[in-house]
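**Q** coords please:
(chains A and B)
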Amino acid sequence: KNQVEQSPQSLIILEGKNCTLQCNYTVSPFSNLRWYKQDTGRGPVSLTIMTFSENTKSNGRYTATLDADTKQSSLHITASQLSDSASYICVVVPPNRDDKIIFGKGTRLHILP
Amino acid sequence: GAGVSQTPSNKVTEKGKYVELRCDPISGHTALYWYRQSLGQGPEFLIYFQGTGAADDSGLPNDRFFAVRPEGSVSTLKIQRTERGDSAVYLCASSPVSRNIAGELFFGEGSRLTVL
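**A** Model prediction:
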């Protein structure tokens, strides 16, 4: 079982609509949880970073939430735009520096005009 | 440049050949990571450098893979006797802080390796 699981695997929505991407993790506690956006053929770019004690973090139309009790994080995208079409990767950073950063497989989001 | 630079952006080679992929991190970043990403997957850890030394190379799949960072800046990932299964995007990331401290990871655009 992956330590970071994301759902759905892919999602198609119409431009202007909202959507929510899910991340379930087993690593607990952790140093921080991150969401990255990866455009096709590009490297991942950070959207949000949340520490274990934070439960929400916004970056423009992107809002990440964290529920440490259920070990879930969500990324909510408001008023989607065509440029939001990308993969969104959930990343959990363990507290121990000897442990590896754990990447989810990502959710592939397609925004249709 | 201001970001992490990776070269080449695309590399096509034949099975059995030797390949070098270069990463130029953001100036002053002490931590450097190499990841491998296959289509539809998240990045898979290969190696982590803190300064010049490989602090964790446990992700290297076998002894055909090797990476160096001799002066604590530019890093080179070296793949010997390439196999078709090595085809992937190789991502480099750098950070101003040690692993797992709450600092940002900055990724390059990746080097796409295709082994024919």
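
**Q** tell me which element the spatially most central residue of chain B is part of?
**A** Centroid-nearest residue in chain B: B:W34, 3.0 Å away (criterion: C-alpha atoms, centre = their mean). In the assignment (DSSP states H and E), B:W34 maps to strand B:31-37.

**Q** what about that strand, distance to the chain center?
**A** 4 Å (C-alpha atoms, centre = their mean, to the nearest Å).

**Q** please apply the same query to stretch A:6-21.
**A** On C-alpha atoms, centre = their mean, the centre of stretch A:6-21 falls 12 Å from the chain's centre.

**Q** for it, list every residue counted as buried.
**A** The neighbour-count check on stretch A:6-21 (16 or more other C-beta atoms under 10 Å in any protein chain shown) flags A:6, A:11, A:13, A:19, A:21 as buried. From N, CA and C alone the C-beta is placed, and that goes for glycine too.

**Q** pLDDT averaged over it - what is it?
**A** Averaging pLDDT along stretch A:6-21 gives 97.

**Q** again with stretch A:24-31
**A** Stretch A:24-31 comes out at a mean pLDDT of 89.

**Q** and it, which residues are buried?
**A** Using 16+ other C-beta under 10 Å as the test for burial, stretch A:24-31 gives A:24-25, A:27, A:30-31.

**Q** what residues are up against residue 90?
**A** Chain wasn't specified; assuming chain A. By C-beta atoms under 8 Å, 6 or more residues apart in numbering or on different chains, the contact set of A:C90 is A:4, A:6, A:21, A:23, A:25, A:33-35, A:73, A:75, A:103-104, A:106.

**Q** to clarify, I was referring to chain B.
**A** Neighbouring residues of B:Y90 by C-beta under 8 Å, 6+ apart: B:6, B:21, B:34-37, B:46, B:77, B:110-113.

**Q** where in chain A is pLDDT low?
**A** Across chain A, the ranges flagged by pLDDT under 70 are A:1-2.

**Q** show me what from it comes close to chain B.
**A** Chain A comes close to chain B at residues A:4, A:31-32, A:34, A:36, A:41-46, A:49, A:51, A:89, A:93-101, A:103-106, A:108, as judged by C-beta under 8 Å from any C-beta of the partner chain.

**Q** weed out the non-buried ones from these.
**A** Buried residues within those, defined by neighbour count using 16+ other C-beta under 10 Å: A:4, A:31-32, A:34, A:36, A:42-44, A:49, A:89, A:93-94, A:97, A:100-101, A:103-106, A:108.

**Q** so which of those are in strands?
**A** Among these, the residues falling in strands (DSSP state E) are A:4, A:32, A:34, A:36, A:49, A:89, A:93, A:103, A:108.

**Q** and of these, the nearest to chain B?
**A** A:F103 (3.7 Å; C-beta to the nearest C-beta).

**Q** what bridges to that closest one?
**A** The partner list for A:F103 in beta bridges (DSSP bridges) reads A:V91.

**Q** hmm, it is touching B:G42, no?
**A** Yes - assessed by C-beta atoms under 8 Å, A:F103 is found in contact with B:G42 at 3.7 Å.

**Q** so what secondary structure elements neighbour the lowest-mean-pLDDT helix or strand in chain B?
**A** Every helix and strand of chain B was ranked by mean pLDDT, DSSP states H and E. The lowest is strand B:53-56, at a mean of 89. Counting contacts by 3 or more C-beta pairs under 8 Å, 6 or more residues apart in numbering or on different chains; DSSP states H and E, strand B:53-56 packs against strand B:44-50.
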